[in-house]
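Peer 1: pasting a predicted model and its sequence here:
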Amino acid sequence: MFLPKLSTEEQIKFNSGIIQVNGKSMNRTALGIIDAFLTLYPKVTYAQLKEAFPDKLNPSGPKQVKSIFQPFTEKEFGVVHSLEEIKTEFAKADLPYDGLFFLEESEMFKTADGVIVIVNKLWETNDTSTSESDLENLSKQALKFGIVVNKFEPVEAFGRGSYSLDIIQKDLYHSIRADSKSTDTEILKENKPSRKSYWVWIALSLAILALTIWFINKK
């Protein structure tokens, strides 16, 4: 896929985790996993993100949302979705999607190809009809990409969860990010003159023109 080429020694370090997600509440832990992934692999596209975290990782829940989601659309309710896709699909069904996804600006992400990504907010443990733990599925998948999840801490009723990220293999973290850093878009952005540059050139041109006129009038 897009995993870095590593030496045997680096692979051992990678397998023990590059970034650790410390979560309070299941849904914030899930949000932290996606944040950690996109932090470590800033070059991934939306298609690659969906490949890394497919919908099937969330088979059991939430049943209530799936019962709303599936009759109106063929789209599965998975781990991540594009904001545009959710707006479109829920508009077709004339249903609200508030409360189902993390929708604050600081909670949304953007992939390298410019897709705005939102994360599923509702997660269930093994008390579901499939007896699977969705978050455990997600955590096991994250480990394949160098992301280790510290056991999430439950929050008190009506409390707001949170998460934090710890870089636990700093050298390897910077090495992987460096390999992922330069995309064509970023290179174009770096080479494109800034607005400040344009104003400098305009000011210079006007100064040269004024000097030329002054010399002509002098004669």
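Peer 2: Everything's here; your move.

Peer 1: if I read this right, Phe53 contacts Leu138, doesn't it?
Peer 2: Yes - between Phe53 and Leu138 there is a contact under Cβ atoms under 8 Å: 7.0 Å. The C-beta positions use only the backbone N, C-alpha and C, and glycine is treated the same way.

Peer 1: which residues do those two both contact?
Peer 2: Any residue near both Phe53 and Leu138 by Cβ atoms under 8 Å, 6 or more residues apart in numbering counts here, and that gives Val79.

Peer 1: which residues does the closest residue to Asp113 other than its chain neighbours contact?
Peer 2: Among residues not flanking Asp113 along the chain, Thr45 sits closest, at 4.4 Å (Cβ to Cβ, 6 or more residues apart in numbering). If you count contacts by Cβ under 8 Å, 6+ apart, Thr45 has them with 111-113, 115.

Peer 1: Ala142: which of the residues you listed is nearest?
Peer 2: The closest of the contacts of Thr45 to Ala142 turns out to be Thr111 (Cβ to Cβ; 16.8 Å).

Peer 1: how about the closest one, phi and psi?
Peer 2: Main-chain torsions, Thr111, degrees, to the nearest 10: phi -80, psi 170.

Peer 1: and it, what does it touch?
Peer 2: Shown in contact with Thr111 (Cβ under 8 Å, 6+ apart): 38, 44-46, 48-49, 117.

Peer 1: how about Ala52?
Peer 2: Residues near Ala52 by Cβ under 8 Å, 6+ apart: 1, 37, 44, 141, 145.

Peer 1: hmm, which of those residues are the buried ones?
Peer 2: 37, 44, 141, 145 (16 or more other Cβ atoms under 10 Å).

Peer 1: now the helix or strand encompassing the first one: buried residues?
Peer 2: Meaning Phe37. Secondary structure from DSSP states H and E places Phe37 in helix 26-40. Residues 26-40 are the ones in helix 26-40 that count as buried (16+ other Cβ under 10 Å).

Peer 1: tell me which of those has the lowest pLDDT.
Peer 2: For the buried residues of helix 26-40, the weakest pLDDT value sits at Met26, with 84.

Peer 1: quick check, it in contact with Asn137.
Peer 2: No - Met26 is beyond contact range of Asn137, at 11.8 Å (criterion: Cβ under 8 Å).

Peer 1: dihedrals phi and psi, the closest residue to Thr29 other than its chain neighbours?
Peer 2: Once flanking residues are discounted, Thr29 sits nearest to Gly23: 2.9 Å by Cβ to Cβ, 6+ apart. With angles defined as degrees, to the nearest 10, Gly23 sits at phi -120, psi 150.

Peer 1: correct me if wrong: Gly23 contacts Asp166.
Peer 2: No - counting by Cβ under 8 Å, Gly23 stays clear of Asp166, with 11.7 Å between them.

Peer 1: is the nearest residue to Ser139 once chain neighbours are set aside part of a helix or strand, or is it coil?
Peer 2: Nearest residue to Ser139 in three dimensions, chain neighbours excluded: Val149, at 4.2 Å (Cβ to Cβ, 6+ apart). Following DSSP: H, G, I helix; E, B strand; the rest coil, Val149 is assigned to strand.
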